[in-house]
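Asks: can you look at this prediction? I've put the sequence above it.
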Amino acid sequence: MKQQDFLVCRCEEVTYNELMETASRTGCTARELKLRTRAGMGYCGGRTCRPLVQQITQKLEKAPHTRVTLKYQPPVRPISFGDLGGGEE
Amino acid sequence: MYDVIIIGAGPAGLSAAATTANQGLEVLVVDEYMKAGGRLLGQLYEEPDGTYWNGIKESNHLYERANQSGAEIKLGTSILNIEKSGDVWLVYTEKDTYETSHLLLATGAAESPSPVPGWTLPGVMSVGAAQVMTNVHRVKPGKRGVIIGVNPLAAVIASELQMAGVEVTALTLPQMNGLNEEAAHPKQVMNQLLHVAHMAPSALIRQGSKWMKPSIMQDLGITFYPKSGFKMWGIPVHLRKAVTEILGDEKVAAVKLATVKPNGDVIEGTEEIITCDFVCIAGGLYPLTELAAVAGCPFYLVDELGGYVPLHNERMETALDGLYVAGNITGIEGAKVAIAQGVTAGLTMASNHGVQGLKDRIEQSIEEIEQTRDNAPFHFHPDVKKGKQIVQEKWEEMMAAEQPL
Amino acid sequence: MSERITDHPVLDPIERKKEVSFLFNGKSYKGYEGEPIAAALLANNIRTLRYHEESGSPRGIYCNIGHCFECRVTVNEKQGLRACLTPLKEGMEIQSSGMLPTPVKEWRETHV
């Protein structure tokens, strides 16, 4: 039975087919897959789908990336412009 | 300026807080949740001796102990970033920046998703979410639920839901896709379950664990596995059925369940609709390491521990001066191991801060972690000890190298 | 339909502080002070907390411990608060957010 498409990245609404297709067409790394599709670049910072995005490209790579994870960037929680500017609530 | 800041008020963080504060250090614990305890809060299961491991009581006990020893505990506070400036670690929250000489990351674990079509519908939640809603906040996640994913975490939480009067109509596999081959493969899931077979009060599985050891028998076992499943704590567990879709308009109304072959392929025409008002996704846990990563810690991927872990030694020191780790950030294990790791991290921080005479106690605490691990009633990952060995080896390799890897 | 668990066979009853009223999308509900907004709403049988900014698909709690940000709501005009982490207070005005005009998705289709 054919697998129905589904979302992998809930924040940026990137689907399974989109990720698999992009990964197999470009043979890219996890980082590139993330940049191409925006999977893992949404509001949650990739906390939900990160293991899946890494898994997709790991399979296509000859040597697994045992030491390099997808990049993490501060702030690890979203910050409002108000807080950023030190303004009042 | 604090002597010690601990990020995460779970079992590891709280035990480290009590340990360091008892050594006379100025300690701050920060956690974004409204209650202390972390994932421990939701835990409730029967120990082999018949008593209950009550996560709320254990959390309260750890909190009180940390509090009484003089640690300051700030809840409801998210950390945005950490950064080293000279000899000082800067810890940024939304409002304030704190400084410390020793920083312990005890940030625990996040849940790995196991996506299926329809999993963004309201009413679909991670299995940990249902656990917290039920045991911590005492609101039922729904009347009748389906748990997707058959693994130790799913089984334990299913029993907790049932205890609270929430009907769990089935534990079942997800339909196989390119992201979940292991979790959706009946035979592999069966193998994983055999590791925790002693937990299952089911004659089938308990008997099965004896005669299913040879692979050929496992094939037979899964082939003859009853299509209607077996019952664990009265909950049907299906290894030959998989959810192909979660149905609903504004929220969950049902799941579509299909029979699958022993290799996980869906058998056409076997779909049935199971009505439910909530669905739990049980994809397992992975170490939540984001702060270690932004700090620049070297990592290694250790599947036996649930994912990438920051490299650390037995004393819970990372490769970065003044940065320590304890608990599930070092690999997915039970709360008791996390508590033991917290003690070691605490003693190491105190020793590094200049408290004399802790050498023997640190050695002893490291042994206690091992003993706690050996005595655990089950392991989330059966090869956790091998995983720990890999971390140790990679740490030593890194230390032996001129340049950090 | 969701309900509160008042009589657990093993766990001691939790301390429910005073009952408070709050507004969700303009309608008045009751919950307990200090419990997460997400729990209070679920006890009132409300699962949909927001609609996705691009697709408008309904979303509710997913991780329930602050990791996934799916439950973000506007509380007393402060946007992006996690309903699972925010303690309920008397008189809170909680608003769910909806679809926004964002052309990002179209950009992706031609650039991936």
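Replies: Ah, there it is. Remember, it's a predicted structure, so these values are computed and weren't measured experimentally. Numbers count the residues shown, from 1 in each chain, chains lettered A, B, ... in the order given.

Asks: how many other residues sit next to A:Val53?
Replies: 25 (other C-beta atoms under 10 Å in any protein chain shown). In this view, the C-beta of every residue, glycine as well, is placed from N, C-alpha and C.

Asks: to clarify, my last question referred to C:Gln95.
Replies: 16.

Asks: next SSE after the helix or strand containing B:Lys336?
Replies: B:Lys336 is part of helix B:335-352 when elements are defined by DSSP states H and E. Moving toward the C-terminus from helix B:335-352, the next helix or strand (DSSP H and E) is helix B:359-375.

Asks: what does the average pLDDT come to for that next one?
Replies: If you average the pLDDT over helix B:359-375, you get 97.

Asks: what's the answer for stretch C:79-89, then?
Replies: 97.

Asks: identify the residues contacting it?
Replies: A:78, A:80, B:32-34, B:76, B:129, C:20, C:22, C:31-38, C:40-41, C:49, C:61, C:63-66, C:69, C:71-75, C:94, C:97 (C-beta atoms under 8 Å, 6 or more residues apart in numbering or on different chains).

Asks: so where do the strands sit in chain A?
Replies: A:7-9, A:14-15 (DSSP state E).

Asks: which strands and helices sit next to the helix holding B:Lys336?
Replies: Other elements packing on helix B:335-352 under the criterion 3 or more C-beta pairs under 8 Å, 6 or more residues apart in numbering or on different chains; DSSP states H and E are helix B:11-22, helix B:55-68, strand B:97-105, strand B:323-325, helix B:359-375.

Asks: near chain B, anything from stretch C:7-24?
Replies: Yes - judged by C-beta under 8 Å from any C-beta of the partner chain, stretch C:7-24 comes into contact with chain B at C:His8, C:Pro9, C:Val10, C:Leu11, C:Asp12, C:Ile14.

Asks: so which of those wins on neighbours?
Replies: Result: C:Leu11 is most packed of the residues of stretch C:7-24 next to chain B (other C-beta under 10 Å), 21 neighbours.

Asks: for chain C, which residues are neighbours of chain B?
Replies: Residues of chain C lying near chain B (C-beta under 8 Å from any C-beta): C:1-6, C:8-12, C:14, C:34-36, C:38-39, C:42-43, C:47-49, C:52, C:57-68, C:84-85, C:87.

Asks: just the buried ones from those, in PyMOL syntax?
Replies: To isolate the buried members of those in PyMOL, using 16 or more other C-beta atoms under 10 Å in any protein chain shown:
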select buried, chain C and resi 2+4+5+8+11+14+34+35+36+38+39+42+43+47+48+49+52+57+58+59+60+61+62+63+64+65+66+67+68+84+85+87
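
Asks: which ones are touching residue 52?
Replies: Reading this off chain A. Contacts of A:Leu52 (C-beta under 8 Å, 6+ apart): A:Val8, B:Ser112, B:Pro113, B:Pro115, B:Leu179.

Asks: think we crossed wires, I meant chain B
Replies: Contacts of B:Tyr52 (C-beta under 8 Å, 6+ apart): B:Leu44, B:Tyr45, B:Glu46, C:Val10.

Asks: out of those, which are buried?
Replies: For these, buried by 16+ other C-beta under 10 Å: B:Leu44, B:Tyr45.

Asks: give me the phi and psi for B:Glu160.
Replies: phi -70, psi -40 (degrees, to the nearest 10).

Asks: that one - how many residues pack around it?
Replies: 24.

Asks: ok, B:Asp321 next?
Replies: Neighbour tally, B:Asp321, other C-beta under 10 Å: 12.

Asks: give me the buried subset of the contacts of A:Leu52.
Replies: Among those, the ones that count as buried by 16+ other C-beta under 10 Å are A:Val8, B:Ser112, B:Pro113, B:Pro115, B:Leu179.

Asks: from those residues, which two are the most distant?
Replies: A:Val8 and B:Ser112 (12.0 Å; C-beta to C-beta).

Asks: mind listing the residues bridging to B:Val168?
Replies: Taking DSSP bridges as the rule, B:Val168 bridges to B:Gly145.

Asks: quick one: it and B:Leu161 touch, right?
Replies: Yes - with contact defined as C-beta atoms under 8 Å, B:Val168 counts as touching B:Leu161 (5.3 Å).

Asks: give the residues shared as contacts by the two.
Replies: With C-beta under 8 Å, 6+ apart, B:Val168 and B:Leu161 have common neighbours B:Gly145.

Asks: neighbours of B:Ala293, just the number please.
Replies: Neighbours of B:Ala293 (other C-beta under 10 Å): 18.

Asks: how near is the residue nearest to C:Tyr32 when sequence neighbours are not counted to chain A?
Replies: Leaving aside its sequence neighbours, C:Tyr32 sits nearest to C:Arg16 (C-beta to C-beta, 6 or more residues apart in numbering or on different chains; 4.6 Å). Separation of C:Arg16 from chain A (C-beta to the nearest C-beta, to the nearest Å): 28 Å.

Asks: tell me the SS of C:Arg16?
Replies: Secondary structure assignment for C:Arg16 (DSSP: H, G, I helix; E, B strand; the rest coil): coil.

Asks: how far away is it from C:Phe69?
Replies: Counting by C-beta to C-beta, to the nearest Å, the separation of C:Arg16 from C:Phe69 is 27 Å.

Asks: which one of those two has more residues nearby?
Replies: More crowded of C:Arg16 and C:Phe69, by other C-beta under 10 Å: C:Phe69, with 23 against 14.

Asks: can you tell me the SS state at that one?
Replies: C:Phe69 is classified as coil under three-state DSSP.

Asks: check contacts around it.
Replies: Here C:Phe69 is in contact with A:Cys11, A:Tyr43, A:Cys44, A:Pro78, C:Gly80, C:Arg82 (C-beta under 8 Å, 6+ apart).
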